[in-house]
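Colleague: No letters, just coordinates:
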């Protein structure tokens, strides 16, 4: 029992680690899609950012400069998306897809050109990474206070700053979206752009602003992957996380707090999947970790089809805004 | 899609060409930035794709994959549906082949197994396309999101089966046992060699003919059948389709079945043509490349053949880059593919205003709208 | 061109709240506004009436800064003003309530009202200040709105109040209302008018765009009539009558002098019994419509646009199903549990020339020959088995084009490349070539040039004389009068009455159309109550 409890705690701990990039990306998706721009390029922006963060951190020795560069590149990718979909009214899905594919090619090509390691960046030294922060007295508390002490040490302490930032980003997103003038307009532009236009506010400007914020958040997700939880960039290291974040965003019905829960749930599934591989359970028998990993996608499809409650995406999503007669 | 005011040949030839040129130009700049000569790279790729021994065979082998996935995307596009689930549909197609070949191989004569396996691939792919189609038509879920999710679900199912029930015994990698003897398609080089031509070995097999046949079938379907007429009418105007009594929901479901079936048949080339067993990740992104192919080929089978050839050459030539250069690998092809999707998809109409100005200066205004 | 201008103030120029001078606006080849000059007195309710597409909305969008005029000037209180975008017009005290509300459906009323005018002090303070100010506004004008309700959950009438509050909150002194009553119930309309009167008494100038004559008569002080992009009349409301306004609106542009011989009605081809249609919101767009249509007659459906005629056509052609009631064609009965479907109706010999040929009648991206078989591609003449043969279809299309004088007679041109008249002839040719028993026709000459109009009219009469039963929906009164054997007048989704052609006069129809006369007196004996005379319904119901 004690062992199970400890294992459970570790699973929760790794849930948080796995969920962090999902949370960043899901918040990015919320900003973009709430403004009416479909963003399947979360994956690509994250991948580019992961590469740039690792490459620049390696070059400069500073994870902070790496993070800054990664955010800039991710924002630029977002602006490309905006150039195609807002200015040229191109198809948002096609544009997003193009960015994803472009990212998976470019990161490797530039990686090889710079480092000649088959697309990887060299392993980052500890000083060029965001390291975990041990909270004070973790060991002492764990040794002396039962249960809560262990929780403190294993679950709360020992995360890097980006984990905390990701959690904070949910609150910030919530605040911006629902408590500021900017958020009010952002939500309006994704639901009924003509309402904003007739009130004399530029639809394109609002959407570009949303896309830039999404770029920043995706950038942080990438930074986390390559310079916090990882020690360098590996080819295709996002491995579909952008799409899981997209699913989590949909699952959270385009709202920050429910999306956080969805990210944690998907993260938990992944953490559990890693632990149950091959393990036998009473009654249910062996659980396939592969199928467990597909659960986020299945749940999203079921949810979208309206079988468990309804979801209503922002009403103007995917449609280029054209002033009509 | 916006209606263009340009002459047809500009729309069909010049714009795709300009888009391709832009994509290649940008790719060239990137190659130059990383310190290689783009023209050398191009010539290596061309030689690798067409001139080196066996190169052409490999090029056409990849072309076959792209024809299937490109047709799949194009058929759906005609109903204004964006099927990005080609990857998952192809994976399921492979599973269909595997199930038929493993259960019937050695039980009934090989040619029948092959025939049934091909049908299996189409059926499994169609099944994987119909569900998102149904969900879009009847439950209003967005087909793009559903097909993305279905890609991942298909991949998980395949991993689960190949690492579990279907995994070959005494084997470490997730794959099935090899199919029974004879359950494989003829290679083109074998056929040609037996006819006395000397041709280098390549994985090119008779699926290539099947792909061309599918091109013809899709052309007939879209432009020569009542169903195709209804599909196009529904794609252009749901209202007119309802007015005419075509029931748009059913058209959507049917189109997704056809689209999924075509994507599923990509597995015929890879699994039945080369691998003779089901392996993981045999789709390796060909489903996504199908989108680029359809965009470049303007959703017409002839255009798709040429676009597939282009991508086939890029893939095979890209493999050659691995040998010749230290710094350029076939990932360059992935990047070019991304650029092509960007320029001939999302930015397809970027040049329209310029071209419209150019052509309207040269052609008399013959537009008549009602007043 | 100013016909009845009765407003005169001697030498000194009056304080016009709005003064438009020579406004011109083109959309491609369409002259939406053709040199419009209009003065609006401060503190009045000024009606602007006209048919759909007359250019009213365009004119108001120009005043609101949504579009820029190609030429012409705007003066507000005598000061020349030019607006590049709505925010500039808003700043000058112009507010607009659009026909389709510009409200974010899932926002609260309060959020919608302050959107874009939140103030500099943050959202929370902005909302708080707005709440106080709005309390005042709603008391002054009787505009009661629950500020914290979600907009889409409110009745349409309340949503409209939100729009009005939105404008007033921004300090509007000139309020434009674009077809404000189109979606309102009669009670809501009455409430709206109370509000408008209160606004007027506080000195707000109101521009009311509508096509409903009784509303103009009820509430406006001055009325201007627009037709085909031009201002054709301008008068004090007290000096005019709805009949006269109806004539001005419908106009005499369709010069149809041909007197056709009356038809010879034969047996009943189509009968409708108590047909009702309701939309998703539960609004009844068609209320208990009953009539019958005989072979060899044209039944004209008159009415101002948007009074249920479109829904009638959609039901009878199987595009939407009736909520209640049924209609019968020969032995076939269709109701909500046995709905008709357009393809099956075509097989029964029902052809349909739809009102909107761009969205329904043709597929603009198709070549003409492809559009020429829309709904008829199963015709065995056009190809064997499941195939279609483009060459045969092209030939078929050429024949249609020749016999209907479609120009240019080139089947390979895109459908969008033909003029309105030629597009319409192509649709008509397609529908008639199937030799239908019943022909449903909607707005056959809308946007059609004069030459084609005559051709289309003659064709319809020819069809009738061959024994075809024709239901003709048109907003052109002249057209209805000239072609119909009987005329059924609709208002607000109901049949006001049915009159025989010989008994019908324009002023009488005008009254019935405007919903003033119930038609009880004018409905002649020709409209015998159909409930009693539908023999073939008995079995099915």
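Modeller: Yes, it's here. Note that the structure is predicted; figures quoted are calculated from it, not measured.
Colleague: where does residue 285 land on pLDDT?
Modeller: By default, I'm working from chain A. Per-residue pLDDT puts residue A:285 at 63.
Colleague: not quite, I wanted chain B
Modeller: pLDDT, residue B:285: 89.
Colleague: which residues does whichever residue of the stretch 201-325 of chain A sits closest to chain C contact?
Modeller: Of all residues in the stretch 201-325 of chain A, the one sitting closest to chain C is residue A:201 (5.0 Å; Cβ to the nearest Cβ). In short, each C-beta sits where N, CA and C put it, glycine included. Residue A:201 makes contact with A:185, C:87, C:116, according to Cβ atoms under 8 Å, 6 or more residues apart in numbering or on different chains.
Colleague: quick one: contacts for the residue in the stretch 101-250 of chain B that chain A sits nearest to?
Modeller: Nearest to chain A, among the residues of the stretch 101-250 of chain B, is residue B:156, at 3.4 Å (Cβ to the nearest Cβ). By Cβ under 8 Å, 6+ apart, the contact set of residue B:156 is A:290, A:291, A:293, A:294, A:297.
Colleague: list the helices and strands the lengthiest helix in chain B packs on?
Modeller: When chain B is parsed with DSSP state H, its longest helix is helix B:110-139. In terms of contacts (3 or more Cβ pairs under 8 Å, 6 or more residues apart in numbering or on different chains; DSSP states H and E), helix B:110-139 is packed against helix A:289-304, helix B:86-104, helix B:143-162, helix B:248-264.
Colleague: So which of these is nearest residue B:224?
Modeller: Of all the helices and strands packed on helix B:110-139, it is helix B:248-264 that lies closest to residue B:224, at 14.7 Å by Cβ to Cβ.
Colleague: could you point out which element follows the closest one?
Modeller: helix B:266-267 (DSSP states H and E).
Colleague: can the next helix or strand after that next one be found next to chain A?
Modeller: The helix or strand immediately downstream of helix B:266-267 is helix B:286-296, counting by DSSP H and E. Yes. Applying Cβ under 8 Å from any Cβ of the partner chain, one finds helix B:286-296 touching chain A at B:288, B:291, B:295.
Colleague: what does helix B:286-296 rub up against?
Modeller: Helix B:286-296 has contacts (Cβ under 8 Å, 6+ apart) with A:94, A:97, A:101, B:16, B:19-20, B:65-74, B:77, B:84-90, B:151, B:263, B:266, B:303-304, B:307-308, B:310-311, B:337, B:340-341, B:344-345, B:348.
Colleague: Give me the neighbour count for residue A:136.
Modeller: Using other Cβ atoms under 10 Å in any protein chain shown, residue A:136 is surrounded by 9 other residues.
Colleague: Same question for the host helix or strand of residue C:395: list its buried residues.
Modeller: Taking DSSP H and E as the definition, residue C:395 sits inside helix C:390-403. In terms of neighbour count (16 or more other Cβ atoms under 10 Å in any protein chain shown), helix C:390-403 has its buried residues at C:390, C:392, C:393, C:394, C:396, C:397, C:398, C:400, C:401.
Colleague: Then stretch A:68-83?
Modeller: Result for stretch A:68-83 [16+ other Cβ under 10 Å]: buried residues A:68-75, A:77-78, A:80-83.
Colleague: any idea how far the nearest residue to residue C:127 once chain neighbours are set aside lies from chain A?
Modeller: Using Cβ to Cβ, 6 or more residues apart in numbering or on different chains and skipping residues adjacent in sequence, the residue nearest residue C:127 is residue C:110, 6.1 Å away. Residue C:110 sits 11 Å away from chain A, taking Cβ to the nearest Cβ, to the nearest Å as the criterion.
Colleague: what does residue C:514 give?
Modeller: Residue C:514 is 27 Å from chain A, by Cβ to the nearest Cβ.
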